[in-house]
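Enquirer: let me see the structure of the following:
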Amino acid sequence: MKSPRLAHVLVVTKDLPKMQAFYEKAFELTAEPTTDPGFVVLRAKDGAGIALHALPQEIAASFETKSPPDFREETCLKACFEVSELDAQRQRIVACGGQAKPPWEWAGTRFAECADPEGKVLQIYQAR
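Expert: Numbers count the residues shown, from 1 in each chain. From the prediction side, this is the model:
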């Protein structure tokens, strides 16, 4: 029996087109074909992906997001991306509408806490 394989992490979003564009540009993810206008899977070239699912209209209309976004650190999920050039990736995230805190280091690995355009916290890291 094969071990389970992580296919994607589902992220619920207020603005699906904006978030899709962010993850495509900031992380070079590619959208898979779908027949559901409120759902898209964005796949990495060599790994798992992120699925975006639009909030129902009445819920999406009940709150606003800021630009640049506040870090929504009260959420209990954080997507982590291994990158080859941490500083360049931080710049790309900001250029695509996200936020990036200053890098820090632990055990020879550099990290940076970031946020997507809706404030969902991400982490990028560059291994030694």
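Enquirer: drop to CA atoms for contacts and neighbour counts, all remaining ones
Expert: Noted.
Enquirer: state the number of residues packed around the spatially closest residue to Thr109 that is not a sequence neighbour.
Expert: Computed as CA to CA, 6 or more residues apart in numbering, the closest residue to Thr109 that is not its neighbour in sequence is Ala127, at 4.7 Å. If you count neighbours by other CA atoms under 10 Å, Ala127 ends up with 15.
Enquirer: gap between Ala127 and Ser84?
Expert: Per CA to CA, to the nearest Å, Ala127 is found 8 Å from Ser84.
Enquirer: identify the single longest helix in the protein, thanks.
Expert: Counting residues, the longest helix found in the chain (DSSP state H) is helix 16-27.
Enquirer: what's around His118, how many residues?
Expert: To be clear, residue 118 is Glu; His isn't right here. The local packing of Glu118 (other CA under 10 Å) involves 23 other residues.
Enquirer: correct me, but it touches Thr65?
Expert: Yes. Using CA atoms under 8 Å, Glu118 is in contact with Thr65, at 5.9 Å.
Enquirer: relative to its centroid, which residue of this protein is most remote?
Expert: Among the C-alpha atoms of the chain, the one farthest from their average position, using CA atoms, centre = their mean, is that of Met1, at 31.4 Å.
Enquirer: what pLDDT does the model give it?
Expert: Looking at Met1, its pLDDT is 87.
Enquirer: just the one 4 residues further on next, same as before
Expert: In this model, Arg5 is scored at 83, pLDDT.
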